[in-house]
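Participant: predicted model, plus sequence, below.
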Amino acid sequence: MDFVSPVLDVASRICNCVGDRADHLQRLPQNLNSLRAAMEKLNNVYKDVKERVEREENLEKKRTHVVGGWMERVEAMEKEVNELLDRCDEEIQKKCLGIYCFKNCRATYKLAKMVPEKMDAVAELQSEGSNFQEVAVPLPSPRVIERPLEEKPVVGLDSPFREVWRYLQDKQVGTIGIYGMGGVGKTTLLKKINNKFLQSSIKAFDIVIWVVVSRPTNLERVQETILDRLGITDDRWKGREEEKKAQEIRRVLKTKNFVLLLDDIWEPLDLLRMGIPPLGDGNESKIVFTTRSEDVCRGMAARKSIKVECLEEKEALSLLQAKVGEDTLNSHPDIQKLAEMVAKECKGLPLALIVIARAMASAKTPEEWERNLQKLRMHPKDVAGTENDLFSVLAFSYDCLPDEATRSCFLYCTLFPEDYQIHSEPLIQLWIGEGFLDEYDDMQEARNQGGEIIQMLKRACVLEAVQEGEYLKMHDVIRDMALWLACEKGKTKNKFVVKDGVGVIRAQEVEKWKDAQRISLWNETKIEELREPPQFPNTETLIGCSMMSTFPSGFFTNMSIIRVLDFSNNRTLKLLPAEIGNLATLQYLNLSCTRIIHLPIQLKNLKKLRFLILDWIFPLASLANLTVSSLSSLQLFSMKSLSSHPQMDEIMLLEELEQLEHINDISIRLTSIQSIQRLFESHKLTRSTKSLNLVQCKGVNQVQLLSLSCIKNLILVGCVELEEVKIIHFEKQVVPSKFPNPQCCFNHLLSVEINACKKLLNLNWLIHAAKLQSLGIQHCEIMEKVIEDERSEGSEIESGLSVFSRLIYLTLIDLSKLESIYGHALPFPSLKRIFVLGCPRLKKLPFDSNICMSKQLEKIMGEQEWWHGLEWEDQTVMHNLTPYFQPRRSL
């Protein structure tokens, strides 16, 4: 009977596997293959979608919730399908006596029935994934702002970069310090780290914040940079005290995982005082900073400190070759070997390699390379301290400057504080006052040469352009090197005395300045009262003194060769010592933006004075004590202001200026019709006038511009009765609308500001200002058109330039009736910024479709309602301009 039981068992299973169940069981192998194929197709779609998502996320986008949910369902489905396939394969392996005989027919039937259901679910997921139009959307604000790398290629920073990046991924490391000598590439490394977050797979950080700290540390500026980066509106922090700003920063940052990148730290920062919440406590935030001092790393409690070393020889040569260029390197077979020798002399310092390579780029003969290499080797190599080694190398760039005048102009820039933005025009005036450009008799020629020198210094990488080139800045390493050179490589410590924010200077310190050639005092720097007059027998320059309300008695007594006194922007200075009148060698005196009420009568003794600048001295009511005509060498006189003083005898001042033989540069404020008439009566005065401010001129309903062919800046303020500006030929013909002959064009006019001239109808005469760069019109109540339609029939000026072809800035504020700027569309190839506020009737802008072609345009600012109400004849113009619009609040 033992053989009966197995037979009965098989028979029972066969009975369970007949009928409707047999169909499912029979199709099971085929269905499993179909499910595998469907799952493979779904996986391919999943991979495609995932790749799309990753690409978009690398572009700082975020996957949609729909796509994210679908990817999670696909991953879950794959797991379920794999489990089902494994179970079905296992049951098939157990079957006996052919296809219908399964050991557990009922269980196998349940599995077989699930396979088609999974196939349908997989097909549905595949269909859904194949139809995604959008897989990611832009983030509300950029997590990282790219920092441009000025110097490419970036050489020799791979090792410290990998080290910093590794620590950024280490949860145990919160603060990282990067230190090393100046010019070694710390800022470049920090920029590389910043930019790495743009494509990094690390998404633990919500925002990356970049702040330049520099010296002296300005906590308020640092806080405002962080607040701006966090997108916190001005009204929440503008004008508030430090602690309130810190609270606002802390409120936002404590909810984020952030990376704070601090560049150029000179002393430990109180991060809590700034508003930076403590690291740790569950967040993964990081702080990375650069400094020249390892002590700062300790003071900042850096968990890891990384030193950036100079380049290896091969890396240094690679950087030098890249900067010199293949054209020069291949110009002679010997130059390659000479380049290796030059690279070795640079000792691997990137900044030195870059500066010297640019100086060598035009040297295409081996003889030039040998001469320059010899110059490089002649500099001291064994000066104590790393900084001096850097100076010795960087001094080569100084020696390569073309002449002594250019080198003097370069060293002069060290008299301004570190990170100070130097306005180029006053700087050139100082150079002229110092006598650096004495070879040019004509003031304008000297100015032009000063401009050329600035361009030369920028090309030599010893000056940087900021604020669109109007201002200059000297890199701190270059500045330190230049000061070292100015002080004869450290041998005469006090030849250039530059004090910034040092507080009260004691008499003992002043006594050490007897050998000083130039003295510069800035920001909270004062000199205590002296027992006896100091000795400054070698001093040629005294500038700054921005916090000195008075000078110690006898301070100017022993300045026998002084050439330049510049006390501008000293808003505490009210009294000028009479002894200044005894400075027989003085050639430049600038008292702008001081609080001086009266000028001492002794100033008339300054027979060598060439520059007298009295701009924006609002308390100065009269020049009665000063006989300007006695300043027999005067070439430049400037007295710009937007206030009027009834005591000021403007006609007498004009008559005295006219008597000066050498005067050729006048900037002046006039407040009466008689003064204006007196100016225009004199060919000498009109020819010399470079800047004219007409302020609150009562009774003036018409201004006739006669031969102001050299004027650069014109300001009309508060001339409430002024209706028209006309141009007059030398033949006395009034020309209100037609083009005058060429010599009457304003070829030098760069800036025009009109404010509160309530009856002024138009500015038709601007069609003759071929090179106008800035135009601002405010509070002109009845002005309907800047330039009337009939005046704009021809858009070419005598010079061949189109109207407004040089215009960079256009400002229109509170012009309630203004309807038109110009009669037809213009290209505006130079325009960068437009500001329109309170001009509700201005419905059209005179821009043609080329407005954005020059890529100069930066922004258009105005009310949102005004922008939406503009009418466009060419929709292309609207589409081109819309990305540049930035809304501003109404008046």
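Facilitator: Everything's here; your move.
Participant: hang on, Phe637 packs against Ile668?
Facilitator: Yes - Phe637 is within contact range of Ile668, at 7.4 Å (criterion: CB atoms under 8 Å). In this view, the C-beta of every residue, glycine as well, is placed from N, C-alpha and C.
Participant: which SSE is immediately downstream of the helix or strand of the chain with the lowest mean pLDDT?
Facilitator: Sorting the helices and strands of the chain by mean pLDDT, DSSP states H and E puts strand 734-735 at the bottom, at a mean of 40. For strand 734-735, the following helix or strand on the C-terminal side (DSSP states H and E) is strand 751-755.
Participant: helices and strands around that following strand, which ones?
Facilitator: Secondary-structure packing of strand 751-755 (3 or more CB pairs under 8 Å, 6 or more residues apart in numbering; DSSP states H and E): strand 713-717, strand 774-778.
Participant: which of those strands is buried the deepest?
Facilitator: strand 713-717 (a mean of 21; mean count of other CB atoms under 10 Å).
Participant: quick one, whichever helix or strand comes after it and strand 713-717 angle?
Facilitator: Later in the chain than strand 713-717, the nearest helix or strand by DSSP H and E is strand 724-728. With axes from the mean of the first three to the mean of the last three CA atoms, to 10 degrees defining the directions, strand 724-728 sits at 140 degrees from strand 713-717.
Participant: in contact with the nearest residue to Val324 once chain neighbours are set aside, which residues?
Facilitator: For Val324, ignoring the flanking residues on the chain, the nearest one in space by CB to CB, 6 or more residues apart in numbering is Ala357 at 4.8 Å. Contact partners of Ala357, counting by CB atoms under 8 Å, 6 or more residues apart in numbering, are Leu319, Leu320, Ala322, Lys323, Val324.
Participant: which helix or strand contains the third one?
Facilitator: Okay, so that is Ala322. Counting by DSSP H and E, Ala322 is part of helix 313-324.
Participant: tell me the buried residues in that helix?
Facilitator: Glu315, Ala316, Leu317, Ser318, Leu319, Leu320, Gln321, Ala322, Lys323, Val324 (16 or more other CB atoms under 10 Å).
Participant: would you list the residues you listed in a markdown table and tack on distance to Asp480?
Facilitator: Output for the buried residues of helix 313-324, formatted as a markdown table (distance: CB to CB, whole Å):
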| residue | distance to Asp480 |
| --- | --- |
| Glu315 | 25 |
| Ala316 | 22 |
| Leu317 | 26 |
| Ser318 | 27 |
| Leu319 | 22 |
| Leu320 | 23 |
| Gln321 | 28 |
| Ala322 | 26 |
| Lys323 | 22 |
| Val324 | 26 |
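Participant: and the residues you listed as JSON lines, adding pLDDT and distance to Ala405?
Facilitator: Listed next are these as JSON lines, based on pLDDT from 0 to 100; distance: CB to CB, whole Å:
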{"residue": "Glu315", "pLDDT": "90", "distance to Ala405": "37"}
{"residue": "Ala316", "pLDDT": "88", "distance to Ala405": "33"}
{"residue": "Leu317", "pLDDT": "91", "distance to Ala405": "35"}
{"residue": "Ser318", "pLDDT": "90", "distance to Ala405": "36"}
{"residue": "Leu319", "pLDDT": "89", "distance to Ala405": "32"}
{"residue": "Leu320", "pLDDT": "88", "distance to Ala405": "29"}
{"residue": "Gln321", "pLDDT": "90", "distance to Ala405": "33"}
{"residue": "Ala322", "pLDDT": "88", "distance to Ala405": "32"}
{"residue": "Lys323", "pLDDT": "86", "distance to Ala405": "27"}
{"residue": "Val324", "pLDDT": "88", "distance to Ala405": "27"}
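Participant: from those, pick the one nearest Leu761.
Facilitator: Lys323 (57.3 Å; CB to CB).
Participant: which secondary structure element contains the closest residue to the closest one other than its chain neighbours?
Facilitator: Spatial nearest neighbour of Lys323, chain neighbours left out: Ala357 (3.3 Å); criterion: CB to CB, 6+ apart. Assigned by DSSP H and E, Ala357 belongs to helix 350-360.
Participant: circling back to that earlier point, show me what the helix or strand that comes right after the helix holding Ala322 is packed up against.
Facilitator: Going down the chain from helix 313-324, the next helix or strand is helix 326-329, by DSSP H and E. The contact analysis (3+ CB pairs under 8 Å, 6+ apart) places helix 326-329 against helix 335-345.
Participant: mean confidence for the helix it packs on?
Facilitator: Confidence over helix 335-345 (mean pLDDT, whole number) is 87.
Participant: residues in contact with that helix?
Facilitator: Outside of helix 335-345, the residues within contact range by CB under 8 Å, 6+ apart are 313, 316-317, 320-321, 324, 328-329, 353, 356, 360, 364, 366, 369-370, 372-373, 376-377, 393.
Participant: then stretch 307-319?
Facilitator: By CB under 8 Å, 6+ apart, stretch 307-319 touches 153, 155-157, 160, 178-181, 184-186, 189, 294, 339-340, 343-344, 346-350, 353-354, 357.
Participant: gap between stretch 632-646 and the chain center?
Facilitator: 33 Å (CA atoms, centre = their mean, to the nearest Å).
Participant: my bad, should have said stretch 452-464
Facilitator: Stretch 452-464 has its C-alpha centroid displaced from the chain centroid by 18 Å (CA atoms, centre = their mean).
Participant: check stretch 171-183 too.
Facilitator: Centroid separation for stretch 171-183 versus its chain: 25 Å, with CA atoms, centre = their mean.
Participant: got the CA positions of it in CSV?
Facilitator: Once non-C-alpha atoms are left out, stretch 171-183 reads as follows in CSV (Å, rounded to 0.1, in the frame of the first residue of the first chain):
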residue,chain,number,x,y,z
LYS,A,171,30.2,66.9,9.8
GLN,A,172,32.8,67.2,12.6
VAL,A,173,34.5,70.3,10.9
GLY,A,174,32.6,73.5,11.2
THR,A,175,35.1,76.3,10.6
ILE,A,176,37.9,76.1,8.1
GLY,A,177,40.7,78.7,7.8
ILE,A,178,42.8,79.2,4.6
TYR,A,179,46.0,81.2,5.2
GLY,A,180,49.1,82.1,3.4
MET,A,181,51.1,85.1,2.1
GLY,A,182,49.6,87.8,0.1
GLY,A,183,49.1,87.1,-3.6
